[in-house]
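Undergrad: Okay, predicted coordinates and the sequence, questions at the end:
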Amino acid sequence: MAGAKRVILITGAASGIGAATARRMAQPGVAIVLHTRRNQDLAESVAAEVRATGAEAAVMLGDLAEPATAKYLVRETISRFGALDVVVSNAGFADRTALLDLTDDAYARSTDAIEWAFFRLAREAAPHLRLRRHGRIVAVSSFVAHVHRPDVTSFPASAAAKAAVEALVKSLALALAPDNVTVNAVVPGFIRKDAGAHAAMDRAKLAKQMESVPLARQGLPDEVAAAIAFLASAEAGYITGQCLHVNGGLAM
């Protein structure tokens, strides 16, 4: 495949970890599809940065909670660039609603936007990744699926959806291994938000949470992006079905 274009689809790419991943993976010979639910202006700004490196970029919109969106993203990626090599499933949101206060609809919003979105995206992408014989899927999970303590804020619906994503990662890794497609997850801890971005907790509460982190700081989006880029690289070709924690030592 030497000299062939590498095509990367990143969901939730208008800001934060998704945008940082696009910046880190952008280089000549690469085409990056930047998905966002509705933040087109921010996504176009990231696309401009990607193009400045010599890479190609396209912005695509859609709500991944809708069943048709995954199919649309993969179809349009293939139509535009002719192939698909890497899928980074990053889109999602955090719901801090207490477990027993969750309605059926509220719980379903998390599963639709996180668990079902990942499954549908992987299912649609799989035939194209198999054709390339070096495909990569990287899911972005979260510490909330692992840390359940009174000193750390709980996100029950998000935790359940992210835990399901990690289970799917392991099942997909087994299913796609015969075609040399690897499937892994990164599991970020407390990661700094972009300026002006919505935060799931206020600054005082977040500062208190840092007492649980041995490195005593939030991670940076680019630190998570570095792990994603590694798992998507040729060097990680013998790593599959794994969950790589990028959390400053936050105890499980």
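TA: Sure thing, it's come through. What you see is a predicted model, and the numbers here were worked out from it, not measured in a lab. Numbers count the residues shown, from 1 in each chain.
Undergrad: For the stretch 101-250 of the chain, which segments are assigned as helices?
TA: Applying DSSP state H, counting those that start in this stretch to the stretch 101-250 of the chain gives helices spanning 104-110, 117-132, 156-176, 203-209, 221-231.
Undergrad: Any regions of the stretch 101-250 of the chain where pLDDT drops low?
TA: In the predicted model, the stretch 101-250 of the chain carries pLDDT under 70 at residues 196-201.
Undergrad: if you set the cut-off to 80 instead, what comes out?
TA: Residues of the stretch 101-250 of the chain meeting the criterion pLDDT under 80: 195-205.
Undergrad: Give me the neighbour count for residue 109.
TA: Look at residue 109: counted by other CB atoms under 10 Å, it has 18 neighbours. (C-beta placed from N, C-alpha, C; glycine too.)
Undergrad: Apologies, that question was intended for residue 214.
TA: 10.
Undergrad: Distance check, it against residue 7.
TA: Going from residue 214 to residue 7 by CB to CB, to the nearest Å gives 38 Å.
Undergrad: List the buried residues for stretch 101-118?
TA: Across stretch 101-118, burial judged by 16 or more other CB atoms under 10 Å covers 102, 107, 109, 110, 111, 112, 113, 114, 115, 116, 117, 118.
Undergrad: Looks like the last one contacts residue 167 (just checking).
TA: So that's residue 118. No - here residue 118 does not reach residue 167: they are 10.6 Å apart, not a contact under CB atoms under 8 Å.
Undergrad: In contact with the residue positioned nearest the centre of the chain, which residues?
TA: What sits nearest the mean C-alpha location of the chain, by CA atoms, centre = their mean, is residue 90, with 2.0 Å. Applying CB atoms under 8 Å, 6 or more residues apart in numbering to residue 90 gives the contacts 10, 11, 12, 13, 17, 18, 21, 140.
Undergrad: do residue 94 as well
TA: Neighbour list for residue 94: 142, 144, 155, 158, 200 [criterion: CB under 8 Å, 6+ apart].
Undergrad: and the third one, what is it in contact with?
TA: Looking back up the chat, that one is residue 155. Residue 155 is in contact with 94, 95, 96, 142, 144, 200, counting by CB under 8 Å, 6+ apart.
Undergrad: Ignoring the adjacent residues along the chain, who's closest to it?
TA: residue 144 (4.3 Å; CB to CB, 6 or more residues apart in numbering).
Undergrad: tell me the secondary structure for residue 35?
TA: Taken by DSSP: H, G, I helix; E, B strand; the rest coil, the conformation at residue 35 corresponds to strand.
Undergrad: my read: it touches residue 21, true?
TA: No - if you go by CB under 8 Å, residue 35 and residue 21 don't touch, sitting 11.7 Å apart.
Undergrad: Could you dump the contacts of residue 94 into CSV and include distance to residue 66?
TA: Formatted as CSV, these follow (distance: CB to CB, whole Å):
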residue, distance to residue 66
142, 22
144, 24
155, 23
158, 19
200, 23
